[in-house]
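Fold the following, please.
(3 chains)
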Amino acid sequence: MLRQDSPDAPSSTEVGPDGDRLFPGDPSTRAIARALYERIADAPIVSPHGHVPAEWIARDVPFTDPASLLVTHDHYVTRLLHASGVDLDDLGVGGNAVDPRQAWREFASRWHLFAGTASGYWIEDELRHVLGIDATLSAETADKVYDAVRARLAEPAFRPRALFERFAIEVLATTDDPLDDLHFHDEIAQSGLPGRVLPTFRPDRYLDPDCSTFDSDLAALLGATSQPGTFDGYLSALRERRAHFIEHGATSADHGIEDPATVDMTDDDARDLFQVIVAGRATARQRAAFRGHMLVRMAEMSVDDGLVMTIHAGVVRNHSTATLRRFGPDSGHDFPRSTDFVRGLRPLLERHGLARGLHLVLFAVDETVYSREIAPMASFYPSVFIGAPWWFLDAPDAMMRFRAAVTESAGFSRGSGFIDDTRAFLSIPARHDTARRVDASFLARLVVEGRIGEQTAGTIIDDIVGPQPRRVFKL
Amino acid sequence: MLRQDSPDAPSSTEVGPDGDRLFPGDPSTRAIARALYERIADAPIVSPHGHVPAEWIARDVPFTDPASLLVTHDHYVTRLLHASGVDLDDLGVGGNAVDPRQAWREFASRWHLFAGTASGYWIEDELRHVLGIDATLSAETADKVYDAVRARLAEPAFRPRALFERFAIEVLATTDDPLDDLHFHDEIAQSGLPGRVLPTFRPDRYLDPDCSTFDSDLAALLGATSQPGTFDGYLSALRERRAHFIEHGATSADHGIEDPATVDMTDDDARDLFQVIVAGRATARQRAAFRGHMLVRMAEMSVDDGLVMTIHAGVVRNHSTATLRRFGPDSGHDFPRSTDFVRGLRPLLERHGLARGLHLVLFAVDETVYSREIAPMASFYPSVFIGAPWWFLDAPDAMMRFRAAVTESAGFSRGSGFIDDTRAFLSIPARHDTARRVDASFLARLVVEGRIGEQTAGTIIDDIVGPQPRRVFKL
Amino acid sequence: MLRQDSPDAPSSTEVGPDGDRLFPGDPSTRAIARALYERIADAPIVSPHGHVPAEWIARDVPFTDPASLLVTHDHYVTRLLHASGVDLDDLGVGGNAVDPRQAWREFASRWHLFAGTASGYWIEDELRHVLGIDATLSAETADKVYDAVRARLAEPAFRPRALFERFAIEVLATTDDPLDDLHFHDEIAQSGLPGRVLPTFRPDRYLDPDCSTFDSDLAALLGATSQPGTFDGYLSALRERRAHFIEHGATSADHGIEDPATVDMTDDDARDLFQVIVAGRATARQRAAFRGHMLVRMAEMSVDDGLVMTIHAGVVRNHSTATLRRFGPDSGHDFPRSTDFVRGLRPLLERHGLARGLHLVLFAVDETVYSREIAPMASFYPSVFIGAPWWFLDAPDAMMRFRAAVTESAGFSRGSGFIDDTRAFLSIPARHDTARRVDASFLARLVVEGRIGEQTAGTIIDDIVGPQPRRVFKL
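Numbering: from 1, shown residues only, chains lettered A, B, ... in the order given. Here you go, the predicted structure:
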C-alpha cells in the first residue's frame, strides 16, 4: 500500500506475517482473497472526500507531537477514552492546553480499550506501517513509543508532502467553507506535488436557518458576492461561490444533514419563505422546509454546473449540550438516528433524479437503509450512487455487511468506491487498505460459492479502487 | 431440478462443475450442505404465489424473442440498465416498439453490471440450465446468444406447457383481478396439464380509495355482481367474487400495500365511512382508515371462506412520477420503506388473530422486521406465517440473513416455504433452486455447530420444499 | 460449566462429543475458539439481572414436575406451542389446572418445532447436562422422559440450593416489587448459601399512569412509607424504598418500558403534572410525559444512591387482549417494535449522562439500534453501557450479530457482560455457556483475521465473564 521509495520508510506491502489480515479463515477463500488483493494492493489512493486541511499539504506543516497527531483531534479516539472515564480536558480536546506526553500516556495506558475497534486497527497500522514502530502500546511503553513517534515526526520523510507521495495519493479532496478563497489549493497546484488536492464545497451553515450562525453567515455570503438580500441574490451568491470552487478544481459539493427530507416549492413560494426566514419570523416547520428546499436547489445547481452532490445524512449532532459548550462541536457525541431516504429524497428526485449528468452520492450511518433504500434507489436512478460505509460503519465487519446488503440488488457498478472521509492523514493508507481487503474477501466468497468467476472478481476489484471513484466523482 | 425427459433439454441436476454453487466454502459444512441439497434437488416445485399469466399456460403461447423473455418485462433487469444510463424506451419498456435484437444488445453489452446480483444469477442459470447455452454474455456474443435463444424458443420443448412439465411444477398460482372470469384457469384444468394452475384473488384496487381507478373499479365490481352501492352490497360483491375464485381453485387472496396499518371499526361506522368515500368527500385520513379497515374485513372473509391471506407490505410504488407517466407502473422505481407490522396489524389480529383456520402470511422488504416483528408474531399467533424473502431480498445472502433472523425465535415450522413471486417463467427453477441451496447451507451450518442433528436437518429440508407450502397455502 | 462435586450430577464440562457446540466450522477458527472457551468454561456465573423467585432459593422449594419446570411457565415454549395450534389452557398457562403429564406430552410430541430455536437449545442442554437425560423428546419418549425428569426432581441434588451450588453461581439478582419486604433475601443471606442472591428494584407500575393498577399502587406506596400525596412525598417514598433495597444488597433498579422517551421538566411543572395525574384528569400526552419524566427522576436517584439503572425498552406488551384476559400477562404475545434511544434518552442524558458513578445499561430487542445507537452512545457517555442481547435476541446467531454490530465502535469494555434475564432456573448454565461459546467464536474470528492477538483475546474473554459484569453492576 505504501511506496517503498523512501529509504526511511519501513517496508509494508509484502504479504508477510500479518499480510493476511482481514481475510477469511477458510483456506480456499483466503487464497482467492489474497490473490484479488494483490492485484490492487499498491494501486494509487483516490480519496474524493475527506477532511485533511489543505494548509498541511500546501505549507508542509510538520506534525507537532504524537498526541495531537493520533489522539487529541481524533474524536473516534477521544470518545472511547472519555467513555472510560478520562476527562476530555486531559486530552487537550477543545483547545485546552495540555502536556502532549501526558495526554499520550492517558491514551497508551488505555490502549486495550481499542481492541477490536476500527480506531485500534488504524492506529496499529499507522504505528507499524507508516511510522515503522512495532511496540505494543501500554502504560509501560507509553513514553518509549511517544519518543519514537516524535523522532519520526521530526524526520523530513514524515512531513505531509513526503507522506502524500509515499502514500501514492492520486487525488485528495478537502472540505471547505464556501467563502474560502482556496489559496492553499492554489499553492498546492503550483507546487509540483505528484497528485491533486481538490476543494469540496460544503455549504451547510449557509443553508440551514437553525444553524446558530446562519444570520451572520448569510450576511457574509451576500457581502462577499455583492448580492442583494433576496432569494435570487442568495442563489446567485451560492452559484458564484460554486463557480469559484470549480475554478479551483472542485468536483463535488457536500451536505451534512440530520434528516434527508427534501421539499419542492415554486420560485415564488421560495422567495416568500426566504423573506420570512431573513426576518427571523419563521416557525420551526418553515425553517425545516427551507432547509429541505435548499437541497433541491443544490441539486438544481449540480445539474447546471456538474458538481457531484454528496449527502451525509442521519447524524444527530452535539447530543450533549454540556460537552458542546466546553469542547465545541466534533467532540465525540454525534450519534446516528434512523433515516428515511426513500420518502425524504423523493421531492428532490422527482425534480432532478433523471437529469443527465447529475451524480448524487448517499452516505448513511443507519445501516438498515443499505438493502432497504439506497441499493434499490441506486439500481434505478442514474443519478444515485451508493456511498461507502461511513463513520461508525467504516470498519471491516460493517463494510462486509454493507457489501452483502447492496450487491444483490445493485451489483458493484453503483457504488462510490471507498471514501475515507478523514482528517487523520496518517490513517489514510490503513483505511483504504482495509476496504481493499474487505472487498477482496467479499469477492472471494462469491467466487468460492460459484456466484462469479475469479476473472470477473478481478475485473471488479480493479474497477473499485480507481476507475469507479474517478467516474463517480468526475475526477 | 429439471426433469430429464425432454431429449432436447440439457442435463442439469447432477452435482457437476458448478454443482456446489451457493454452498459455503468450509469443506465440512459444504459436504453436509450438498448432502442435504441432494435430498430435495429434484423435488417438484410448489409455487403458491407468482405472476405468470394463466394465458401462457392455457394457450401454450410461445415466447416471442429473447429480449421480451429476459429483458423487457423484467423490472429487475431494466432497472439496473436504466441506472447505468440506458433509456427505458430502448428496452421496449411500457410497450414502446423496439427491435428486440437491439434491446438484447443493450443488455448483453452491459452484462457485467449484473455480476453478484440475483438477476445475474437467475439469468445465467436460465441460459445454462433451461436453455442449454453456455456462452458468457457480452457485446461480442450478443448476437450469437440471441440467435441461440431464439432458436431454442422455436422448439416445441421450450413452449410454456413443455417447460411446465420439465420444471416439474406441481402447483403454480397466478395473480388475478377479482373480476377475471378465470376461463384460462378453466382451460388449463381441463387440458390434462400434469400440475395445477390456481388463481389468486388480488383486490387492492377495489379496496383503496387512493387508487386512481377506485371509482370505476368499484362501479364495475358492483355492476358485475348486481349489488347495491352500499357498504353491505360492496362486501357481498367481494364475497361473491372470492367464492368465484374458490370455485376455480384459488386458495389465497393477496394484498399489496404500502403501510400494513389496519383499523377496526363498528359496522355502522364502516357504513358511514363508505358513504363518505363513495361521495368523494373523504379526507386523506378517512381514506387511509377505510383502506386499513378493509384489511380487517378481508381477514374476516378469510376466516369465513378459508382463503389464505397474504400481505406484501412496505413498498413505495412509482417513486418517479415522470417514469410512471412514460412507462406505466412496475417500471423499476418501487422502493422499500420501513414497516411496522406489530402495531399496524394489531387491530386485525385483535379481531381475527386467534381464529381457527386463518392463515396470514407476511412478506416484507424491510428486513429489520424479520427478527423484530414477524418471527415473534408468527411464533405466537397460530394464524401468522413468515413469508419468504421477497423482491429485493430474494437473493442468496438476503435469504441467509432471513433464516438467521427468524429461526432462533420461530424455528422452521412457521415459514411459508419458498415463494418465487415471479412473472419470469424461465427463472422459476433457478429461484427455487437458489432457496433450496441456501436452506441446505444454513442447515449445514447448524449441524456443524452442533445445534441440530443431520437427520433433523434432513427432515426439515424435506418439509420446507413441499409439505410446508402445501400446508400453509392449503394446497 | 457445572461443578462436579455432586455425585449424582452427570459430568458435562469436558469438551467431548458435543464439546464443540456453537464453534465455527473452519478448523483453525474452531481450534482458537475452543482454546478461548476452555479458559472460562468453568468460571463462576455472575447473573446481575433475572427473574428467579427468591423464595425458591430461600425455602429450597422442590420443582414439582417436569411440565411446570420446563413448559408451563416458559413463555418462549408455550408461545411456539400455541402458534402450532395448542391451546394455552392445555399447557396450564394462566393457572389453569392441568395434568402435568398431559401438558408434557403436548410439548414432547411437538419437540421438532423447537429445532434451531434458542429454547430448543437450552432445553436440550438442561435435559442432558443438568438432568443427565440423553433421550430425544418425542411423542414416543414423552412418558419415559417425564418419569426420568420427575425422578431427578425428587432427588436432593436437584433442589434449588443444591443446583445453585452446582451451577457455581456467584451472584444471582432477582426482580422485585418496590414494596417487597425482601425477607426471602434476608433468609438467603443468613443461610450460608455459597453465593449471593440480590434483589432488584423494579418500579414500573408505580411510575406509569397508564398501568391499570397505578392508582392503587400509588396509594399503597404512599401508605407503606407514610408519605403525603404530593410529588415530593411520592419521590420521597420511592427514595425510601430504594434505600430499603440497597440495605438488602440491591445494586440495580430496572425499568421495562415500551418507548425510551424521556422528558425533562422543572420541579414546579412536575409537581403540577403529578396533581393532574392523581386527579385522573391527565391526557394521554400528559401521562406519557409523566412516565418519561419519571425516568429522568430515577436516573437522578441513581446518581444519588448509586443503584445501576437498567432500561429494557421496545416491547409492545400484551398484543392480544383476548389472550391477556384469559391467561394474564407474560403469556407469549409481547413483541418488539422499533426503538429510538438516541433521541428518546437525550433529555435524561443531557441532565445526568456525564454524572460520575451513574451506570445506565441499555437493553434492546430492536437489533438495528446496536450499531446505530447503543454502541455509539456507550462509546462516548461514561454512564452508558451496552446491554447484552435480550429476549428474542438471546440466541447464538443474534449474539454473534450483536458482537459484530457493537465491537467496531465500542470495543469490548462498554458491554454489560452476559445477562440471562430468566426465570427458568435450570437454563441458567446453558444460557451463560451459550454466551461464552459465542464470544469465544467471535474472538477467534478476530484472531484468525489478524485483528487482535490470541493473548488479547484471552484477556478479553476472561474479563467478559466475571470482572465486567461485577464492574458494571457494582457487585
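
Show the average pLDDT along the helix or strand hosting residue A:205.
Per DSSP states H and E, residue A:205 falls inside helix A:204-207. Here helix A:204-207 scores 98 as its mean pLDDT.

ok, now stretch A:78-98?
On average, stretch A:78-98 scores 95.

before we move on, the earlier item: what's the helix holding residue A:205 packed up against?
When contacts are defined as 3 or more CB pairs under 8 Å, 6 or more residues apart in numbering or on different chains; DSSP states H and E, helix A:204-207 packs onto helix A:214-225, strand A:252-257, helix A:284-305. Every C-beta, even on glycine, is put in place using the N, C-alpha and C of the backbone.

And the residue sitting nearest the centre point of chain A, how far from residue A:394?
The residue lying closest to the centre of chain A (CA atoms, centre = their mean) is residue A:421, at 1.4 Å. With distances taken as CB to CB, to the nearest Å, residue A:421 is found 7 Å from residue A:394.

just residue A:141 next, same as before
Applying CB to CB, the value for residue A:141 to residue A:394 is 27 Å.

Tell me how far the helix or strand containing residue A:458 lies from the chain's centre.
Using DSSP H and E, residue A:458 sits within helix A:454-465. How far helix A:454-465 lies from its chain's middle: 24 Å, per CA atoms, centre = their mean, to the nearest Å.

anything in that helix near chain B?
Yes. Contact of helix A:454-465 with chain B (CB under 8 Å from any CB of the partner chain) involves A:456, A:459-460.

which among the residues you listed gets closest to residue C:249?
Distance ranking of the residues of helix A:454-465 next to chain B against residue C:249, using CB to CB, places residue A:460 first at 59.8 Å.

and that closest one, how many residues sit next to it?
23 (other CB atoms under 10 Å in any protein chain shown).

So which of the helices and strands packed on helix A:204-207 is the most surrounded?
strand A:252-257 (a mean of 22; mean count of other CB atoms under 10 Å in any protein chain shown).

elements contacting that strand?
Counting contacts by 3+ CB pairs under 8 Å, 6+ apart, strand A:252-257 is packed against helix A:204-207, helix A:284-305, strand A:308-313.

before we move on, the earlier item: redo the helices and strands packed on helix A:204-207 as a markdown table? Include distance to residue A:450 and mean pLDDT.
Shown next, in a markdown table, are the helices and strands packed on helix A:204-207 (distance: least, CB to CB, whole Å; pLDDT from 0 to 100):
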| stretch | distance to residue A:450 | mean pLDDT |
| --- | --- | --- |
| helix A:214-225 | 56 | 98 |
| strand A:252-257 | 38 | 98 |
| helix A:284-305 | 41 | 98 |
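
Mind putting these into CSV with distance to residue C:176?
Output for the helices and strands packed on helix A:204-207, formatted as CSV (distance: least, CB to CB, whole Å):
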stretch, distance to residue C:176
helix A:214-225, 52
strand A:252-257, 46
helix A:284-305, 44
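
Restricting to C-alpha, output the helix or strand hosting residue A:447 in CSV.
With secondary structure defined by DSSP H and E, residue A:447 is part of helix A:428-448. Written as CSV, here are the backbone C-alpha positions of helix A:428-448 (Å, rounded to 0.1, in the frame of the first residue of the first chain):
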residue,chain,number,x,y,z
ILE,A,428,-5.5,7.2,5.0
PRO,A,429,-3.5,4.2,3.8
ALA,A,430,-4.8,1.9,6.6
ARG,A,431,-8.4,2.9,5.8
HIS,A,432,-8.1,2.3,2.0
ASP,A,433,-6.2,-0.9,2.7
THR,A,434,-9.0,-2.1,5.0
ALA,A,435,-11.6,-1.5,2.3
ARG,A,436,-9.5,-3.3,-0.3
ARG,A,437,-9.0,-6.3,1.9
VAL,A,438,-12.7,-6.5,2.8
ASP,A,439,-13.7,-6.2,-0.9
ALA,A,440,-11.2,-8.9,-1.8
SER,A,441,-12.7,-11.1,0.9
PHE,A,442,-16.2,-10.5,-0.1
LEU,A,443,-15.5,-11.2,-3.8
ALA,A,444,-13.5,-14.3,-2.8
ARG,A,445,-16.6,-15.6,-1.1
LEU,A,446,-18.7,-15.1,-4.2
VAL,A,447,-16.1,-16.9,-6.2
VAL,A,448,-16.0,-19.9,-3.8
